[in-house]
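Undergrad: sharing a model prediction with you, sequence too.
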Amino acid sequence: MGRLQFQIVVYGGIADDSEPRAAADKVGEVLTGLSRDVQAICRNLSDDDDPTPLAERIAGCRIYVEGPPKKGQSLAFPAGTGDGAAEWGGRSMMAYASGVQEIRESEDPGSPVVPKGFDEDILRRISGYCQEITKDHDGFYLDLPAVNGTPPRRAMFDARLKTAVEFKLAAIAHAASGAAAVPDKCLYGYSLQGVLFEMADPDYEESSGVLTVGINARDGRQWICRIDKELVPDVESLFRKEVLVTGDATIRRRKPILKARTIKRLPGVADPVQAMDALVALCGNSKREPLQDFMDRVRERD
């Protein structure tokens, strides 16, 4: 496979401004974690019979930033693996990207099985830098080119991956505890951000009891959320609004469940039509002005 060149692309937030940028400390955490993960993958995959010394194989997995950020719709960092034992750099990078996507897209988030080469330390680091980057951006992704007949690959690091990794870590901990196998696993003190929407509840008018609603979460999943009505007496005011909910999460194959302990409305308008109407009212817009020109003008405001 040889030496592999790829791109790390930060998107969302200020990374999509007319002058795209990202905080150096956040990008530094991503690069540090990514470099450690790929070297760990190499170590876990390495065969003792390989004639190349292990230290040289790992050196071939070191990540380098190969050029300055370039302007575009999002912020891209050209990068590549090291020169020593380049076969291992490319192989480990491909295994890492494939494993990340396998975890993110898994239809069985409660399984403790991890992709080949992965371990708990790698999962914890991924969760850490996903959490940091999504505070200011939608996430980042790795674009890997086609090599020796293998198709190009894209590994997404975002809220959905973070949730999938945390589910995986909970499943691993449950399996290691020796507890009896059960279909559901629990995450305590879990936080979830998304848009609340109403679900059928025959006792909606009652002031007490538990209200079952849905949340279209930032992680791309649709959650079931159970809220004590005494916790939020005016819960109907939160429908179609962006909320932050904390509580106990139950992992399930389809819709995970969150039993709410706290719920807080976040600033902003969740409905895209309402959001655009509010933006037009604030900035003004003529029907003849193209949408892209309008958005460029909005971004250039002080």
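TA: Cool, got the structure.
Undergrad: centroid-nearest residue for the protein?
TA: The residue at the geometric middle of the chain, judged as the C-alpha nearest the mean C-alpha position with CA atoms, centre = their mean, is Asp158 (1.7 Å).
Undergrad: got a list of what it touches?
TA: If a contact means CB atoms under 8 Å, 6 or more residues apart in numbering, then Asp158 has 130, 134, 138-140, 219 as its contacts. Where you see a C-beta, it was placed from the backbone N, CA and C, and this is true even at glycine.
Undergrad: Arg3 now?
TA: Counting by CB under 8 Å, 6+ apart, Arg3 makes contact with 80-83, 86, 89-90.
Undergrad: swap in Glu66?
TA: Each residue near Glu66 by CB under 8 Å, 6+ apart is listed here: 5, 78-80.
Undergrad: those in strands, which ones?
TA: When DSSP state E is applied, those are split such that 5, 78-80 fall in strands.
Undergrad: quick one on the thing from earlier: JSON lines for the contacts of Glu66, including pLDDT?
TA: As requested, these are arranged in JSON lines below (pLDDT from 0 to 100):
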{"residue": "Gln5", "pLDDT": "85"}
{"residue": "Pro78", "pLDDT": "79"}
{"residue": "Ala79", "pLDDT": "80"}
{"residue": "Gly80", "pLDDT": "80"}
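Undergrad: next one: the nearest residue to Gly82 once chain neighbours are set aside from Ser35, what distance?
TA: Once its chain neighbours are removed from consideration, Gly82 has its nearest residue in Arg62; the separation is 4.2 Å (CB to CB, 6 or more residues apart in numbering). Distance of Arg62 to Ser35, given as CB to CB, to the nearest Å: 6 Å.
Undergrad: repeat for Asp143
TA: According to CB to CB, Asp143 and Ser35 sit 17 Å apart.
Undergrad: now do the buried residues in stretch 241-258.
TA: Burial within stretch 241-258, assessed by neighbour count using 16 or more other CB atoms under 10 Å, is assigned to 241-243, 245, 247, 249-252, 256-258.
Undergrad: CA atoms of stretch 105-112 as CSV?
TA: Presented in CSV, the C-alpha positions along stretch 105-112 are these (Å, rounded to 0.1, in the frame of the first residue of the first chain):
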residue,chain,number,x,y,z
GLU,A,105,-22.9,2.9,11.3
SER,A,106,-23.4,-0.2,13.5
GLU,A,107,-27.0,-1.4,13.7
ASP,A,108,-26.1,-3.1,17.0
PRO,A,109,-24.7,-0.4,19.3
GLY,A,110,-25.0,-2.6,22.3
SER,A,111,-22.5,-5.1,21.1
PRO,A,112,-19.1,-5.2,23.0
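Undergrad: quick one: buried residues of that stretch?
TA: Going by neighbour count (16+ other CB under 10 Å), the buried part of stretch 105-112 is 106, 109-111.
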